[in-house]
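Q: coordinates only, sequence not included:
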């Protein structure tokens, strides 16, 4: 994978839909071939989550709010590692994924989710709840990537996410939706076969591991594509800002010369 060439393309123009798919798959293949330690961490982390859920299911334990919060926080940390890894590869910045920085940023994501849950519980009117969810969803599409890949404070991240979403929602959502539909086209028949196999058998356990690896692979590919699209949008925006600044400087200079 030629990351130097990929990085140089980021501000040359918005990618075609086929470019997002092709480059995302190339990055994903690079991760599988060259980043074995990270891949091991990513897959093992998802297996641990699956094992926790299996233990809860087999022991017939009640899933309380604390358990859900714990599992959600683990999921956020795992996904954040994927975003940072892919972002660092594309931007060729050789940065390591810092544990405490990741925990700190993940707490902000977690706090954001909890605040939304509290607001929805307080409002408790279905139509208004749906409006709030849709409003936040369509304006926070780049929030997570900005938080992990750029050193902005929380409110700057929110403001810039709103700004980047203008005119770029379809650019992100269309390829992501296509990828999700493709995943379910493959996943649902496999899950149907899995449903026939008794969960108590060894074969059923092996199948669960297979499903976990398959779904976590898809999740990594999804994170890869979303990160690539985010960086393309970001680099194009920064390029446009530079152009606007250059035009303003030339205009100011001409006005000064004229006076």
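A: That came through, no problem. Quick caveat: nothing in here was measured; it's all calculated off a predicted structure.
Q: can we go C-alpha only for contacts and neighbour counts from here?
A: Noted.
Q: Spatially central residue in the protein, please.
A: residue 223 (4.3 Å; CA atoms, centre = their mean).
Q: Helix or strand: which one has that one?
A: Assigned by DSSP states H and E, residue 223 belongs to helix 202-258.
Q: now that helix: mean pLDDT?
A: When pLDDT is averaged over helix 202-258, the result is 78.
Q: same check, this time on stretch 145-154
A: 91.
Q: contact partners of it?
A: 80, 83-84, 87, 102, 105, 108, 157, 161, 227, 230 (CA atoms under 8 Å, 6 or more residues apart in numbering).
Q: same thing but 10 Å
A: Here stretch 145-154 makes contact (CA atoms under 10 Å, 6 or more residues apart in numbering) with 80-81, 83-85, 87-88, 97, 101-102, 104-106, 108-109, 112, 140, 143-144, 156-158, 160-161, 223, 226-227, 230-231, 234.
Q: do stretch 86-99 as well
A: 1-8, 10, 24, 27-28, 30-31, 77, 80-82, 84-85, 145, 148-149, 220-221, 223-228, 230-231.
Q: before we move on, what about stretch 25-40?
A: For stretch 25-40, using CA under 10 Å, 6+ apart, the contacting residues are 1-3, 19-20, 22-24, 42, 44-45, 81-82, 85-86, 89-90, 217-218, 220-225, 228.
Q: try 8 Å
A: Outside stretch 25-40, the residues touching it (CA under 8 Å, 6+ apart) are 1, 86, 220-221, 224.
Q: I'd like to know which elements the helix holding residue 223 is packed against.
A: Under the contact definition 3 or more CA pairs under 8 Å, 6 or more residues apart in numbering; DSSP states H and E, helix 202-258 sits against helix 17-34, helix 36-58, helix 65-91, helix 154-165, helix 169-196.
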